[in-house]
Structures are given as C-alpha cells and as structure tokens.
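> got a sequence here, can you build the structure:
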Amino acid sequence: MYTTYHLKSAQDISTDILDAIKATFKSRPITIIVEEYDNDFELTTEMKAVLDERVQEDESTYLTSEASIDQLKKKYGS
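Numbering: from 1, shown residues only. All right, here's what the predicted structure looks like:
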C-alpha cells in the first residue's frame, strides 16, 4: 500500500500528516521519500531525435493511439 501527499511547500508538513501516516500504516515498516517538485522538463537529444523521426513518418501508415494500444494488447496480452 502507498499514499502520496502533494504539498505546496515544506512548511505545509504538519503533525496531522504524521498522525495520518501512523494511523494508516500502524506498526508496519515504511519508507518515506521526499523529493523536490521540478516542473522543468527538458527533452534529451535522443528524445528529440525520436520525435524528429516520427514527424518524418509517412502519414498513410499512421496508427491512432487506440489502434496502437490494440496491437500491443494482442501482442503482449492484457
């Protein structure tokens, strides 16, 4: 089981949150991971190359997202 808390600031951490964690997980072992929210996302050179290749693809062979997912389901099951 896991729970995610999204806070606008580290200052929003309160004893209520800690009490909620204690009540939810009781005496079971837990791991707490704190990460800074980073809204800046930058494409790598490899990602840009893949996107450039996709833009150059022949539109007559284009698959919709639904058709692509259906093919993946048939190949790998779901």
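
> contacts and neighbour counts: CA atoms only from here.
OK.

> just the C-alphas of stretch 41-60, formatted as CSV.
The C-alpha trace of stretch 41-60 is given here as CSV (Å, rounded to 0.1, in the frame of the first residue of the first chain):
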residue,chain,number,x,y,z
PHE,A,41,11.3,19.1,-18.1
GLU,A,42,13.9,19.1,-20.8
LEU,A,43,14.0,16.7,-23.8
THR,A,44,17.2,14.8,-24.2
THR,A,45,19.0,14.8,-27.6
GLU,A,46,17.8,11.2,-28.0
MET,A,47,14.2,12.1,-27.3
LYS,A,48,14.3,14.9,-29.8
ALA,A,49,15.8,12.6,-32.5
VAL,A,50,12.9,10.1,-31.9
LEU,A,51,10.3,12.9,-32.2
ASP,A,52,12.0,14.2,-35.4
GLU,A,53,11.9,10.6,-36.9
ARG,A,54,8.2,10.4,-36.0
VAL,A,55,7.4,13.7,-37.7
GLN,A,56,9.0,12.4,-40.9
GLU,A,57,6.9,9.2,-41.0
ASP,A,58,4.5,8.6,-43.9
GLU,A,59,1.1,9.7,-42.7
SER,A,60,-0.6,6.9,-44.7
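
> can you pull the contacts of the residue of the chain most remote from its centre?
Using Cα atoms, centre = their mean, the residue of the chain lying farthest from its centre is S60. It sits 31.5 Å away. By Cα atoms under 8 Å, 6 or more residues apart in numbering, S60 lies in contact with nothing.

> shaky segments in this protein?
In the prediction, the chain carries no residues with pLDDT under 70.

> coming back round to it: how near is the residue farthest from the centre of the chain to Q71?
17 Å (Cα to Cα, to the nearest Å).

> what do you get for L18?
Relative to Q71, and taking Cα to Cα, L18 is found at 45 Å.

> ditto for V50
According to Cα to Cα, V50 stands 20 Å off from Q71.

> between those two, which one's more packed in?
More neighbours surround Q71 than the other of V50 and Q71, with 13 against 10 (other Cα atoms under 10 Å).
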